[in-house]
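Enquirer: Just to be clear, the model below is a prediction. Sequence and coordinates:
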Amino acid sequence: MIKYCARFSLEPVGQGLFYTGKIGSFNMVYDCGSMKALNKISSIIGDYKSRLGNSKIDMLIISHLHLDHVSGIEELMKNTKVRYVFLPYLLPIQRLLLALGGHAHLTESYLNLLIDPVSYFLELGADKVVLISGNNSKNDERYERNNDEFPGGEFDLSSEDLNDEAIKLSDNEDLRKMVNDKDSQLFKEKFEGKILFKDHSGSVSLKKKWVFRFFSPPTKQNLSQLEKCVKQILPNTGKINNAMLKEILSNKGHLEKLKKCYENSFKQLNDTSLIVFHGPTKNYINSVLYPADSTRNMPSNYYFNHCKTELESNVKFGWVLTGDVNFKKVSSAFLKHFSNYLDQMNNLLIPHHGSKGNWNLDIMKHVVSPGHWFVSFGLGNNHHHPNADVISDIVTSGNSVSLCNDINRIDQYVFP
């Protein structure tokens, strides 16, 4: 058995994303979904839960609510304790947009998630939900690295190290007011103390040894256009809050009529993806990162450079998880927000399964080079993910790329 102090895995779910991490005995997950039928990914979820054993998932991060990122959530949380769920807040009108875009895949579970994401996670047994919005953030984080030696082992982190005090994110009163206006059911007594309203300023710090820094890109979509269309087709529609959303989504005839609103408005909410950087807080850490070989069994028409070289000791490292974010739209805000972390960004998820439309090669000028990039996609997908030009940009710049698909898992180990 491999002895390691941290392990991070991109699970082989095909066209989707399921990222898992273990730091000491602290467990994290970023997204859990796929376009494959649930019975086809349930074995992968089962494998992870088997590795987890009797441990809890301490931090579940949801980048956004597209089906291929959340379809496995209910299976993941079945008979498994989840302590904190972090997710971006979407207005009911935005959740309606997602329902219209994915109407062909509206399972009962996905419908319940879109109607009321917070209640969905709490009713599945999560201890607390942390809602994050960055629209009002001043991006005033001052990152103070920990230069002291780690007492009692480098990554002796555990479930107890994540608590409300460790969540050093700014309170967001504007977000609280918005939720109260649009999702007032979340202020019932049964939810008291279980929902935190946060801005993406600040970070989550575990014993000053490991840091999580979030970025919730501002949404610039003209939601009033969609709301106007809805009210034209369904004249009796009142304020589109949680109650009205539930009424609309409970009627399949409404969804058929409203498809035109989706087609005439906008088709994506990818730029709402919650990005997270995570890594050790120490300037230099005496560890080795080893990305496992993930290019075996690839079709011969795929050519990708693979990261085969172990990192030397005493290097800085960290991970950036991007969901389906659109780097074309948010690169400047992203670089500003993470300005104190860029020299640790050497393990990065290519956004949106390697889509060219979401890629901005300028990002590579600011993060660690040579670095290690990885991508999750489905073999034979109709979107031609990952795009060859995106991979070429990364590889020709001296970086490495590892692939996760229906066959290959990417495992990264940090050894003491």
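Expert: Ah, there it is.

Enquirer: Please tell me how far Met244 sits from Gly102.
Expert: To Gly102, Met244 is 19 Å away according to CB to CB, to the nearest Å. (C-beta placed from N, C-alpha, C; glycine too.)

Enquirer: same thing with His353?
Expert: Distance from His353 to Gly102, counting by CB to CB: 16 Å.

Enquirer: So for the two, which residue has more residues nearby?
Expert: Between His353 and Gly102, counted using other CB atoms under 10 Å, His353 has the larger neighbour count: 26 against 18.

Enquirer: The more buried one: what secondary structure?
Expert: Following DSSP: H, G, I helix; E, B strand; the rest coil, we place His353 in the helix state.

Enquirer: Arg213 contacts Ser339, correct?
Expert: No: in this structure Arg213 lies outside contact range of Ser339 using CB atoms under 8 Å: 10.9 Å.

Enquirer: of those two, who's got more company?
Expert: Counted by other CB under 10 Å, Arg213 and Ser339 do not tie: Arg213 has more neighbours, with 24 against 13.

Enquirer: Mind giving me the packing neighbours of the helix or strand encompassing the more buried one?
Expert: Using DSSP states H and E, the element containing Arg213 is strand 210-215. With contacts taken as 3 or more CB pairs under 8 Å, 6 or more residues apart in numbering; DSSP states H and E, strand 210-215 sits against strand 195-206, strand 275-280, helix 327-337.

Enquirer: in the last one, what counts as buried?
Expert: Within helix 327-337, the residues that qualify as buried are 327, 329-331, 334, 337, counting by 16 or more other CB atoms under 10 Å.

Enquirer: Next up, the contacts around the residue nearest to Asp362 when sequence neighbours are not counted.
Expert: Nearest non-adjacent residue to Asp362, counting by CB to CB, 6 or more residues apart in numbering: Ser331, 5.8 Å away. Residues near Ser331 by CB atoms under 8 Å, 6 or more residues apart in numbering: 360, 362-363.

Enquirer: Now the element after the host helix or strand of Gly33, going C-ward?
Expert: Using DSSP H and E, Gly33 falls within strand 26-34. Next helix or strand after strand 26-34 toward the C-terminus (DSSP H and E): helix 38-52.

Enquirer: tally of neighbours for Leu249?
Expert: Neighbourhood size, Leu249 [other CB under 10 Å]: 22.

Enquirer: Just to check, it is in contact with Leu96?
Expert: Yes: taking CB under 8 Å as the definition, Leu249 is a contact partner of Leu96 at 7.3 Å.

Enquirer: quick one: the nearest residue to Gly16 once chain neighbours are set aside and Leu96, what's the gap?
Expert: Counting by CB to CB, 6+ apart, Ser34 is the residue found nearest to Gly16 once chain neighbours are left out, at 3.2 Å. Remark: distance between Ser34 and Leu96 (CB to CB) = 24 Å.

Enquirer: cool, and Thr272?
Expert: Counting by CB to CB - Thr272 and Leu96 are separated by 14 Å.

Enquirer: And Asp199, by the same measure?
Expert: Per CB to CB, Asp199 is found 25 Å from Leu96.

Enquirer: More neighbours: which of the two?
Expert: Leu96 (27 against 23).

Enquirer: dump the residue contacts of the more buried one.
Expert: Leu96 sits next to 114, 226, 230, 240, 245, 248-249, 258 when contact means CB under 8 Å, 6+ apart.

Enquirer: Please report how far the residue positioned nearest the centre of the chain lies from Ile115.
Expert: For the chain, Ser63 is the residue whose C-alpha lies nearest the centre (CA atoms, centre = their mean; 3.0 Å). As for Ser63, its distance to Ile115 is 20 Å (criterion: CB to CB).

Enquirer: ok, Ala6 - how many residues close by?
Expert: A count of neighbours around Ala6, defined by other CB under 10 Å, yields 22.

Enquirer: and which of the buried residues of helix 327-337 is nearest Thr396?
Expert: For the buried residues of helix 327-337, the minimum distance to Thr396 (CB to CB) is 17.7 Å, reached by Phe327.

Enquirer: Settle this for me: the closest one is touching Asn360, isn't it.
Expert: Yes: judged on CB under 8 Å, Phe327 makes contact with Asn360 at a distance of 3.8 Å.

Enquirer: What pLDDT is listed against His105?
Expert: His105 carries a pLDDT value of 77.

Enquirer: and it, what is it in contact with?
Expert: Leu67.

Enquirer: next one: Leu98
Expert: Leu98 makes contact with 65-66, 90, 114, 269 under the criterion CB under 8 Å, 6+ apart.
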